[in-house]
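1. Let's see this in three dimensions:
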Amino acid sequence: MRDLLRYFVDPRHACGVLAGASTLLLGGAFFAQYVGSLYPCSLCVLQRFPHIPVIIFGWLGYKQTIGHTHRKRLLWLMGICLLGTAGMGFWHAGIEYGLYSGPASCSGSVTGTTLEGVREQLMKAEITRCDIIPWALFGISLAGYNGLISFASGIFAFWAATNGNEKK
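-> Got it, this is the predicted structure:
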């Protein structure tokens, strides 16, 4: 068990693991959208963007030619990106579970006072609402899973950056 932990704490391997985790999360989101017909709301789309630099930084960090110091810097950047998307995921999950209201642009609130104003607002409205859970497993929505997995991955990135021992 100790050898397995030492393997994953190695900054090079940690970069590969984190890039793989973000690839799986992003791939799962696209799979749910294009195969499962779970169309994303605007907050769902925003949660995807931080995974792109994590994949790129992870690939760069996994390369043999990069130095130990640069690899640890990439881990810090990946941790920041992952905690950013985790925060968005938790915020979105809170909106889905009714803990607070989300942006008016995706929560389905209509505020027009005239028929023409309401019609114009409905025509500009997002198709997929942010305050409805389209799919959940064990009571946790997809936004919640993104928040949980990204938060754990971000903490792992910081831990590997500070505690990792790289073979010279």
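2. Quick check: phi and psi at Y39.
-> Y39 adopts backbone torsions of phi -70, psi 140, taken as degrees, to the nearest 10.
3. Verify the stated contact: it with T128.
-> Yes. Counting by C-beta atoms under 8 Å, Y39 touches T128, with 4.9 Å between them. For the C-beta atoms, the positions are set from N, CA and C on the backbone; glycine is no exception.
4. Run through the strands of the protein in chain order.
-> Listed in chain order, the strands of the chain (DSSP state E) span residues 136-137, 140-141.
5. Any idea which of these gets closest to C15?
-> strand 140-141 (27.5 Å; C-beta to C-beta).
6. elements contacting the closest one?
-> For strand 140-141, the packing partners by 3 or more C-beta pairs under 8 Å, 6 or more residues apart in numbering; DSSP states H and E come out as helix 68-96.
7. Buried residues, the helix it packs on. List them.
-> Neighbour-count burial for helix 68-96, counted by 16 or more other C-beta atoms under 10 Å, picks out 71-75, 77-79, 81-96.
8. Just want the most central residue of the protein.
-> T85 (4.0 Å; C-alpha atoms, centre = their mean).
9. Quick check: it vs Q47, distance?
-> 5 Å (C-beta to C-beta, to the nearest Å).
10. what touches both of the two?
-> By C-beta atoms under 8 Å, 6 or more residues apart in numbering, T85 and Q47 have these common neighbours: N146.
11. From the rest of the structure, what touches stretch 144-156?
-> Identification of contacts with stretch 144-156 by C-beta under 8 Å, 6+ apart yields 14, 17-18, 21-22, 25, 29, 47, 50, 78-83, 85-90, 92-93, 96, 136-137, 140.
12. got the CA coordinates for that stretch in PDB?
-> Written as PDB, here are the backbone C-alpha positions of stretch 144-156 (Å, rounded to 0.1, in the frame of the first residue of the first chain):
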ATOM      1  CA  GLY A 144     -22.500  17.800  -7.200                       C
ATOM      2  CA  TYR A 145     -20.300  15.000  -8.500                       C
ATOM      3  CA  ASN A 146     -18.200  17.500 -10.400                       C
ATOM      4  CA  GLY A 147     -17.800  19.500  -7.200                       C
ATOM      5  CA  LEU A 148     -16.900  16.500  -5.100                       C
ATOM      6  CA  ILE A 149     -14.500  14.900  -7.500                       C
ATOM      7  CA  SER A 150     -12.900  18.200  -8.500                       C
ATOM      8  CA  PHE A 151     -12.500  19.200  -4.900                       C
ATOM      9  CA  ALA A 152     -10.800  15.900  -4.000                       C
ATOM     10  CA  SER A 153      -8.600  16.200  -7.100                       C
ATOM     11  CA  GLY A 154      -7.600  19.800  -6.300                       C
ATOM     12  CA  ILE A 155      -6.600  18.800  -2.700                       C
ATOM     13  CA  PHE A 156      -4.600  15.900  -4.200                       C
END
